[in-house]
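Q: After the sequence you'll find the predicted model.
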Protein chains: 2
Amino acid sequence: MPALRSWLNIPKGSHFSLANIPFGIISTPLSPKPRVAIAIGDQALDLDIFAANNGFSALSIIQPHQHVFSEPTLNAFAALGRPIHSVVRKYIQDIFLENTPHPDVLKNNAALQTAALVPLDNVKNHIPFHIGDYTDFFVGLNHAFNAGQMFRGPMLALNPNYKHLPVGYHGRASSVVVSGTPIRRPSGQFLENPAAEVKKPIFSASRKLDFELELGAFVCKNTKMGEPIPVDEADQSIFGVVMMNDWSARDIQAWEYVPLGPFNAKNFGTSVSPWVVLYEALEPFLVKGLENDQDILPYMKSERNETVPDIKLRVDIESSSGTKGTICETSGKNLLFSFPQMLAHHTVGGCPFKVGDLLGSGTISGTTPDSLGCLLEATQNGKLSMKLSEGDERTFLHDGDEVIFTGVCGSDEDALVGFGQCRGKIEPALSFPF
Amino acid sequence: MPALRSWLNIPKGSHFSLANIPFGIISTPLSPKPRVAIAIGDQALDLDIFAANNGFSALSIIQPHQHVFSEPTLNAFAALGRPIHSVVRKYIQDIFLENTPHPDVLKNNAALQTAALVPLDNVKNHIPFHIGDYTDFFVGLNHAFNAGQMFRGPMLALNPNYKHLPVGYHGRASSVVVSGTPIRRPSGQFLENPAAEVKKPIFSASRKLDFELELGAFVCKNTKMGEPIPVDEADQSIFGVVMMNDWSARDIQAWEYVPLGPFNAKNFGTSVSPWVVLYEALEPFLVKGLENDQDILPYMKSERNETVPDIKLRVDIESSSGTKGTICETSGKNLLFSFPQMLAHHTVGGCPFKVGDLLGSGTISGTTPDSLGCLLEATQNGKLSMKLSEGDERTFLHDGDEVIFTGVCGSDEDALVGFGQCRGKIEPALSFPF
């Protein structure tokens, strides 16, 4: 399909082509109230202003619901359901088409363009959803294998349950923040020498601060306690997808995680990219996930074969001195289970969901050394180092390092479906006593 | 101190004496909007109606904030901070005193008594807080030892980290429900024969459904990401305490929990008692916790010695056929770490808190067979059985069983500080396909 052409100047290579139309929450210096917008090319279209100025005049179905665009989160819009998201996305595409059927709405309305289109450089992004619960899965098979192999060898790398269910744990919703929010290096307790016979922890700033390259999916349907979501209905519960950095303190994690899982090693911050790509916009890029050699149970068997997104993902680190290097290039398809499968498993015992709940995929890694989604894997827990530039190497993150994820689907430079970036910069730890 | 005497008839042995004044959310058949109330004797005092009828006329400090009593959760009231909770509690105590300094407010105001006092039997209780995040700890040392011993023997029962930090995990906030809410038996995957060499799970309704006797603490202070709460300031973040039943499916848990912790085994339901006992009301019952033979790190060392509540706790099970038996009697003091220590540890790496966040203690057990806080321990994972009555025994819970927690502090029958009950009845599993 040839790329859709717009009357708006959408630069070649933009993540936010007409094929995308991702949703987010913005504010501007002159109008600091967070509200709903979409990204297109280098601009945000402020849907609060757009709606208030009859932008949706040709879309009667949305008119009783226009207040959702004035909300400080996407929860109310998301709750309208995927059929409505689809209609709104299609309408906004139509509005920006070169041969738009509604030229008077925006194309020939210079006043509304001035009021509602804001350069992305001038907007502040906010967390897109009020997140009720955040769950982090571990379905990046290559990551699970690499990490398991490091600690238990290749034969025992994967636990017996691994291929039968999407392993996951409940994360901390309060520490999920939008891209650009500084991340303070956590302090905590850990073993200075894990091999020593006496297991006596020290208290210190983490010395093994890491990123984790993940995808996140936001939920758009409430479900009741006790009511499972069948796997082939689960995609109707998925609003859209973001990139997610599940920052991790590996030393704190190693000491605390037995037997109840990661805790303070993860709850000091999780960053998400600001523009949520609708699940519908990802549909053309869904492919088959990683092969599972186990016969999974019927409640997770899907009628669909293509269920995981083929997103080109890249991780760069930029140091405070300006050196910069690419740490990882991989694809979002490196998953053993899809988001619909995660949701079907998560709810099979009756766990209820709310609009805005967030599912993380777990770290996404390829199989080659340049495709590993965290430093734990890339440096084999600090044994090797990664080169940012000549003379500037990393085992784990330094203060002042900024970690930058980039993600994009497609190859037609005029029709990319991209995620923009997910960024976070490390601030020094507080000193104790606080 | 002799018990305070009231003009209201407060039955001897009531959990809700003048020494208590617990807060909750109620509605009534004639007024279905959930709102704030306190419990006293056999009555609830509807604070929405009380405030609207000048009940707080003699308490000027609360007047700008009276809207908090019309809210459907305690979040807004809790956010006012502990000094305000204290003043309000003291004022309500004064109002009900036999020799109240404010007789015209309620004692001599029959119309307001009729409007604002509702028999507890006529009120419906609602979940007291909107819960942002729920964390479940594991600091019941006896429980941790008993459970660990069962799977790893007495020498390895406790993991090396256990006495150095309050081990905990993030729970599922969306499935926390108020006492009385039915709990559906979860289905999920588990090993029918965990000892078999081939680890191939089945899908089934859980066969090892269990309760867990816990205490929960609700948080009343927002903190920012990156800002730890010092241990000796942490009690100012604790609004009050409830009993909590962290329902658990032991077969699902055993299969899924390695390496990231319990997930579907816990997220199908967690029940809390409806009346939140203010932390201030518990102060006289705080005692020294269990001895810790490890020297804990400075950030968790408290200036106080008495930090855990000596609450007499009891668990009864009543079957659908009406047989009933007491399963456990123990005390809330069987904890290795206090709620302030849990909070200090939880935030030491910078994890932010919101008003309404919930901390669970973990299962509370004594050391004798009649003091064990879950069936996993009491029946040694189903090897033994517990007698409800002649000919009616339990290894794990049956459909139709109602589990009833009761908790109370003190021995003066006129001055008890009680929690009432936390109840939950098991409904049969759904059959698959759903």
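A: That came through, no problem. Remember, it's a predicted structure, so these values are computed and weren't measured experimentally.

Q: And the residue of the stretch 251-400 of chain A closest to chain B?
A: residue A:261 (2.6 Å; C-beta to the nearest C-beta). The C-beta positions use only the backbone N, C-alpha and C, and glycine is treated the same way.

Q: Could you chop chain A up by domain?
A: Per automatic domain parsing, the structural domains of chain A span A:23-126, A:138-308+A:331-367.

Q: Output the ones you listed as TSV; include the columns mean neighbour count and mean pLDDT.
A: Shown next, in TSV, are these (neighbours: other C-beta atoms under 10 Å in any protein chain shown; pLDDT from 0 to 100):
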stretch	mean neighbour count	mean pLDDT
domain A:23-126	18	97
domain A:138-308+A:331-367	22	97
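
Q: Redo the ones you listed as a markdown table? Include distance to residue B:220.
A: Listed next are the domains of chain A as a markdown table, based on distance: least, C-beta to C-beta, whole Å:
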| stretch | distance to residue B:220 |
| --- | --- |
| domain A:23-126 | 24 |
| domain A:138-308+A:331-367 | 15 |
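
Q: how much space between the closest residue to chain B within the stretch 51-200 of chain A and residue A:269?
A: As assessed by C-beta to the nearest C-beta, chain B sits closest to residue A:186 within the stretch 51-200 of chain A, at 3.2 Å. According to C-beta to C-beta, to the nearest Å, residue A:186 stands 8 Å off from residue A:269.

Q: Put the alpha carbons of stretch A:312-329 into PDB.
A: Only the C-alpha atoms of stretch A:312-329 are listed here, as PDB (Å, rounded to 0.1, in the frame of the first residue of the first chain):
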ATOM      1  CA  LYS A 312      13.100  -2.300  15.400                       C
ATOM      2  CA  LEU A 313      14.400  -1.400  18.800                       C
ATOM      3  CA  ARG A 314      17.700   0.300  19.700                       C
ATOM      4  CA  VAL A 315      19.400   1.300  22.900                       C
ATOM      5  CA  ASP A 316      21.900   4.200  23.100                       C
ATOM      6  CA  ILE A 317      23.800   5.500  26.100                       C
ATOM      7  CA  GLU A 318      25.000   9.100  26.100                       C
ATOM      8  CA  SER A 319      27.300  10.000  29.000                       C
ATOM      9  CA  SER A 320      27.500  13.400  30.800                       C
ATOM     10  CA  SER A 321      30.700  14.100  28.900                       C
ATOM     11  CA  GLY A 322      28.800  13.700  25.600                       C
ATOM     12  CA  THR A 323      30.200  10.300  24.500                       C
ATOM     13  CA  LYS A 324      27.600   8.200  23.000                       C
ATOM     14  CA  GLY A 325      27.300   4.600  21.800                       C
ATOM     15  CA  THR A 326      24.700   2.100  20.600                       C
ATOM     16  CA  ILE A 327      24.400  -0.800  23.100                       C
ATOM     17  CA  CYS A 328      21.800  -2.900  21.500                       C
ATOM     18  CA  GLU A 329      19.700  -3.400  18.300                       C
END
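
Q: hmm, back to that, Three-state assignment for the residue of the stretch 251-400 of chain A closest to chain B, please.
A: coil (DSSP: H, G, I helix; E, B strand; the rest coil).

Q: Residue numbers of the stretch 101-250 of chain A in contact with chain B?
A: A:132-133, A:138, A:159-161, A:164-165, A:167-175, A:177, A:181, A:184, A:186-189, A:199-201, A:203, A:206, A:225-228, A:230, A:249 (C-beta under 8 Å from any C-beta of the partner chain).

Q: Quickly list what residue A:26 is bridged to.
A: For residue A:26, the beta-bridge partners are residue A:35, residue A:125 (DSSP bridges).

Q: Quick check: the gap between it and residue A:116.
A: Counting by C-beta to C-beta - residue A:26 and residue A:116 are separated by 11 Å.

Q: Identify the contacts common to the two.
A: Residues touching both residue A:26 and residue A:116 (C-beta atoms under 8 Å, 6 or more residues apart in numbering or on different chains) are residue A:46.

Q: Please identify the helix or strand for residue A:313.
A: strand A:312-318 (DSSP states H and E).

Q: Residues in contact with that strand: which ones?
A: A:211, A:213, A:243, A:324-332, A:364, A:373, A:388, A:394, A:397, A:401-409.

Q: Can you give the strand pairings for it, parallel or anti for each?
A: Assessed with DSSP bridges, strand A:312-318 is paired to strand A:324-331 (antiparallel), strand A:402-409 (antiparallel).

Q: Need the winner for burial among those.
A: Most buried of the strands paired with strand A:312-318 by mean neighbour count (mean count of other C-beta atoms under 10 Å in any protein chain shown) is strand A:402-409; its value is a mean of 23.

Q: the helices in the stretch 201-350 of chain A, which residues?
A: Counting by DSSP state H, counting those that start in this stretch, the stretch 201-350 of chain A has helices at residues A:250-256, A:279-282, A:339-347.

Q: Make TSV out of those helices and add distance to residue B:102.
A: Shown next, in TSV, are those (distance: least, C-beta to C-beta, whole Å):
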stretch	distance to residue B:102
helix A:250-256	52
helix A:279-282	59
helix A:339-347	52
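
Q: State which helix of chain A is the longest.
A: helix A:82-96 (DSSP state H).

Q: how near is residue A:346 to residue B:128?
A: 26 Å.

Q: just residue A:391 next, same as before
A: Residue A:391 is 58 Å from residue B:128, by C-beta to C-beta.

Q: More neighbours: those two, which one.
A: Between residue A:391 and residue B:128, residue B:128 has the larger neighbour count (other C-beta atoms under 10 Å in any protein chain shown), namely 28 against 7.

Q: from what I can see that one touches residue B:178, true?
A: Yes. Counting by C-beta atoms under 8 Å, residue B:128 does reach residue B:178; the two are 7.3 Å apart.
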